[in-house]
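# Give me a 3D structure for the following:
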Amino acid sequence: MEESMLSPWVRVPSGIVLFFINLLCLLGVTVMPMAVHEEKYLFGVLITTVCAILNAWLFIKCFQLIFNLNASNGLISPFGFRVAAVMYMLLPIVGIFTGYYSQYGWLALIQAGIYYFIGISLLSYAKQREGTLASYKAL
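All right, here's what the predicted structure looks like:
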């Protein structure tokens, strides 16, 4: 493993502080759609989704700081990506049984398509990641 440029005395406390600041931001993001008027609800959900994705990215960076994980080692294994892909692909199927499609119509169909696209992307990333890890083990 390559030596980190930051000392653990700097890296770990800064990762912990960033983690708690990000936790507060995530709390604010989850409350944000409740404050949006009904006419702009879709815009509020869109902004919330973008902010939640950025928070997830920052959580990953916090864990990399705290546990000294390099990008080459990765935080999630290919198996973890496959599990996440299966979960994303099961969401539209669950929507059939809960009546989600009859309630939201076309919006639910578009959302199901996006979920399947995310699932397929995660499966392809897992395959790519497995090849990358195999080449590192060969060295």
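# Enumerate every residue touching the residue nearest in space to the middle of the chain.
What sits nearest the mean C-alpha location of the chain, by CA atoms, centre = their mean, is residue 56, with 5.1 Å. With contact set as CB atoms under 8 Å, 6 or more residues apart in numbering, residue 56 has no partners. All C-beta atoms are positioned from the backbone trio N, CA, C, and that covers glycine.
# ditto for the one 10 residues further on
Taking CB under 8 Å, 6+ apart, we find residue 66 in contact with 11, 12, 15, 16, 19.
# Next: residue 116.
By CB under 8 Å, 6+ apart, the contact set of residue 116 is 88, 89, 92.
# Adding pLDDT and neighbour count, write those residues out as TSV.
Converted to TSV, the contacts of residue 116 look like this (pLDDT from 0 to 100; neighbours: other CB atoms under 10 Å):
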residue	pLDDT	neighbour count
88	90	19
89	92	17
92	90	19
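# ok, those residues vs residue 99, which is closest?
For those, the minimum distance to residue 99 (CB to CB) is 13.1 Å, reached by residue 92.
# Tabulate the contacts of residue 116 in JSON lines, adding columns for secondary structure and distance to residue 112.
Formatted as JSON lines, the contacts of residue 116 follow (DSSP: H, G, I helix; E, B strand; the rest coil; distance: CB to CB, whole Å):
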{"residue": "88", "secondary structure": "helix", "distance to residue 112": "10"}
{"residue": "89", "secondary structure": "helix", "distance to residue 112": "10"}
{"residue": "92", "secondary structure": "helix", "distance to residue 112": "4"}
